[in-house]
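Visitor: structure, please.
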Amino acid sequence: MAAHAAGPLGAARVMSRTPATDATTIRAALAQVAELAALLLTEDGIRAEPVADISATLELLGVPGSALEGLALAELTVALAAARVTSGDLRRLAEAAPRTAMLRTDPPPKELETRLGQAIAPDGTVTDGASKDLARARAQVRESRQRLVKKLESLLGGLDPTDRAADAAVTVRGGRYVIPIRNTARSRVGGIVHDESATRATLFVEPPEVIELGNELRAAESAEQREVLRVLRELTDLLRPHRDRIAAAWEMCIAFDDLCARAHYAVEVNGFVPAIGEGPLKIRAGRHPLLGTEAVPFDLDLAPDEFTVLVSGPNTGGKTVLIKAVGLLALLAQSGVIPPIGPQSSLPVFTEVFADIGDRQSIAASLSTFSAHVAVLRTILERAGAGSLVLLDEIGSGTDPAEGAALAAAALKALTRRRVVTMATTHLGALKQLAAETVGVVNASLQFDAETLTPTYRLLKGVPGRSYGLAIARRLGVPADVLAEAERAVPDAERTLDRLLAAVEARAREVETRAGALEARAADLLAREKRLDADARDRARVYLLEARKTVEAALAQARAAVDEVTAKEARRLVEEAIEKTGGRADGRTGGATDLKVGERVRTGQGKVGVVADVRSDGRVVVEVGAVRLVIAPDLLERAP
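Guide: Numbers count the residues shown, from 1 in each chain. Got it, this is the predicted structure:
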């Protein structure tokens with residue numbers, strides 16, 4: 001993969017074909033896509049105009065003396081119209097999408113499009129309006145044809161019915177107008193025979209009386225063709241000086257089409273722009289690009305000193321899909337396509353990507369499955385270095401497990417020492433110990449439901465996976481005595497590791513269940529706090545309204561006894577009293593200003609906690625055990 005210049009046109013078109021290795025170029029391309037994708041969410045009707053491939057036409061325009069055919073000129077007419085519309089759209093987007101607008105070039109003069117539209121029909125036919133001489137030539141052709149056909153119909157009608165072929169009518173053979181007659185009438189009709197039927201019973205004859213009329217028609221048609229060719233040469237010569245400008249406008253249309261496609265894809269998959277080349281591999285909520293938004297997302301976060309991820313687990317668990325997804329996400333980003341990943345993701349820039357996935361055996365090349373894998377592995381070990389991404393599916397398989405595991409371990413260690421980012425899958429139990437023995441290697445697995453023996457496709461980093469081979473065999477009905485003998489044959493180390501992994505999985509499920517229960521409890525408490533808060537506010541509102549009514553009644557009585565100044569003073573004093581007591585009831589704190597971080601408080605449900613923070617909006621963050629609650633201060637009271 002070679003690096004490309006960071007121009008907007010190159011980023012929009014070239015990168016989608018060849019992944020770039022320059023971080024600046026990749027960032028610019030992704031930013032351009034993100035800009036247009038954001039605009040697509042707010043504006044309708046942003047799309048690229050359809051344009052045919054006119055590369056061959058542009059090459060022919062560069063040949064002096066050449067003449068384009070009518071169909072090529074028709075396609076060029078459409079391309080010119082698309083370029084004009086696209087250029088106008090990009091000009092309109094200049095303020096809202098400046099990166100996208102950088103694709104814009106000035107279209108060729110509209111006079112070219114107008115002239116081509118007058119002279120060339122959409123199907124490539126040169127129209128009568130192309131020139132006055134062509135209109136006259138075609139009128140002459142029509143007149144000559146009418147005279148000829150009329151004469152032939154007259155001759156055919158004058159023949160004896162026994163000389164005419166069945167359903168006889170004027171037709172064309174070899175470019176000449178003829179009439180069908182029976183073979184027996186040839187001497188009586190005369191003329192030139194241009195064709196005959198399969199049985200030779202019917203002859204297609206040009207009678208001597210119409211030969212000259214036929215020659216006149218051919219002459220008129222030749223004059224028409226000469227004028228058509230002259231028009232095509234004229235139009236080609238008109239376009240030739242603008243060839244470079246037309247080519248630039250066509251590139252603009254292609255680049256905008258490419259950019260629109262990538263922006264629509266980013267919206268469809270709800271992708272986020274990753275950080276490029278700013279640290280180790282970090283994929284959040286990643287999904288395989290072909291599995292859609294319903295796929296189970298995965299998180300893969302490598303530390304700076306982690307380079308090799310060894311994924312183990314049962315078949316159909318998604319291991320191969322995972323390593324393919326990692327490779328595709330990286331290559332999509334380096335091709336200027338926002339991949340289906342979540343926010344806060346970071347992707348290194350890979351200079352090369354190597355993959356050994358699938359069965360490469362070949363009878364023709366005398367390669368077994370193992371030999372084919374070893375041949376690819378040899379190439380990878382020869383070429384991969386720092387900055388490479390290596391994807392290895394079922395490494396070490398296809399041969400004796402002990403030897404395969406030894407070869408796989410040696411290869412993975414070598415790649416790790418070179419700081420090659422490597423994703424490898426395996427079923428070999430011996431390799432699961434590699435992470436404990438080698439710095440830079442980390443285990444991972446895809447979660448499997450041990451009770452139902454079905455995959456959940458959730459990636460677990462740091463934990464190797466169990467193969468579940470015997471468990472799956474038991475579920476599929478393999479005889480118990482066979483299974484028992486198989487279990488006895490499993491090495492002690494393998495059984496010990498499997499029991500350990502089973503215990504870890506059980507503990508993880510237990511922790512996950514408890515965490516879910518705590519989250520549900522916290523959500524329930526929060527909902528209750530919100531309901532109580534709303535109820536308290538409603539009660540306070542009712543209380544204040546009733547108090548105001550009482551005050552208004554008292555003031556009305558006061559006005560009858562004293563002057564207006566006294567009444568206003570009475571109103572002020574009452575409202576001050578309401579303000580002071582309205583937020584303070586039942587021994588509550590009366591406001592966030594009364595609380596300090598670290599104070600013990602009691603919630604409306606009687607739960608005692610500690611003030612962790614007093615927010616700027618006045619609400620108080622209270623820690624009740626492991627749960628953090630955000631509560632209005634008037635729902636709290638100090639606890640001893």
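Visitor: how far off centre is the one helix or strand Ala330 maps to?
Guide: According to DSSP states H and E, Ala330 maps onto helix 319-334. Averaging C-alpha positions (Cα atoms, centre = their mean, to the nearest Å) puts helix 319-334 14 Å from its chain's average.
Visitor: what's the mean pLDDT across it?
Guide: For helix 319-334, mean pLDDT is 95.
Visitor: just checking, next helix/strand downstream of it?
Guide: Elements were assigned by DSSP H and E; along the chain past helix 319-334, the next helix or strand is strand 346-347.
Visitor: sheet-wise, list the partners of the following helix or strand past that next one with their directions.
Guide: Sequence-wise, the next helix or strand downstream of strand 346-347 (DSSP H and E) is strand 352-356. Here strand 352-356 is paired, per DSSP bridges, with strand 388-392 (parallel).
Visitor: export the partner strand as PDB, just CAs?
Guide: Provided in PDB are the C-alpha atoms of strand 388-392 (Å, rounded to 0.1, in the frame of the first residue of the first chain):
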ATOM      1  CA  SER A 388       1.900  -4.600  10.000                       C
ATOM      2  CA  LEU A 389      -1.400  -6.300  10.800                       C
ATOM      3  CA  VAL A 390      -1.500 -10.100  10.700                       C
ATOM      4  CA  LEU A 391      -4.700 -12.200  10.800                       C
ATOM      5  CA  LEU A 392      -4.200 -15.900  11.400                       C
END
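Visitor: against which helices or strands is the helix holding Ala330 packed?
Guide: helix 23-40, strand 282-286, strand 298-301, strand 308-312, strand 346-347, strand 352-356, strand 388-392, strand 421-426 (3 or more Cβ pairs under 8 Å, 6 or more residues apart in numbering; DSSP states H and E). In this view, the C-beta of every residue, glycine as well, is placed from N, C-alpha and C.
Visitor: now those in CSV, with mean neighbour count and distance to Thr236?
Guide: Shown next, in CSV, are the helices and strands packed on helix 319-334 (neighbours: other Cβ atoms under 10 Å; distance: least, Cβ to Cβ, whole Å):
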stretch, mean neighbour count, distance to Thr236
helix 23-40, 21, 36
strand 282-286, 20, 52
strand 298-301, 18, 57
strand 308-312, 25, 60
strand 346-347, 22, 49
strand 352-356, 18, 46
strand 388-392, 24, 50
strand 421-426, 26, 54
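Visitor: so which of those is nearest Arg92?
Guide: Arg92 sits nearest to helix 23-40 of all the helices and strands packed on helix 319-334, at 11.1 Å, using Cβ to Cβ.
Visitor: contacts for the helix or strand following the closest one, please.
Guide: Remark: after helix 23-40, the chain's next helix or strand is helix 55-61, criterion DSSP H and E. By Cβ atoms under 8 Å, 6 or more residues apart in numbering, the residues outside helix 55-61 that reach it are Ser66, Leu68, Ala72, Glu75, Leu76, Thr236, Leu239, Arg240, Arg243, Ile246, Ala247, Trp250.
Visitor: pull out the buried residues from those residues.
Guide: Leu68, Ala72, Glu75, Leu76, Thr236, Leu239, Arg240, Arg243, Ile246, Ala247, Trp250 (16 or more other Cβ atoms under 10 Å).
Visitor: tell me, how many residues neighbour Asn479?
Guide: Slight slip there: residue 479 is Pro, not Asn. 10 (other Cβ atoms under 10 Å).
Visitor: residues in contact with it?
Guide: For Pro479, the contact set (Cβ under 8 Å, 6+ apart) is empty.
Visitor: if I look at it, how far off is Arg287?
Guide: Pro479 is 41 Å from Arg287, where distance means Cβ to Cβ, to the nearest Å.
Visitor: do the same with Asp237
Guide: Distance, Asp237 to Arg287, using Cβ to Cβ: 55 Å.
Visitor: ok, the two, which is more surrounded?
Guide: Set side by side, Asp237 and Arg287 show more neighbours around Arg287, with 25 against 14, by other Cβ under 10 Å.
Visitor: surely the more buried one is in contact with Ile341?
Guide: Yes. Between Arg287 and Ile341 there is a contact under Cβ atoms under 8 Å: 7.5 Å.
Visitor: can I take it that Arg628 is in a strand?
Guide: Yes. Arg628: assigned to a strand according to DSSP: H, G, I helix; E, B strand; the rest coil.
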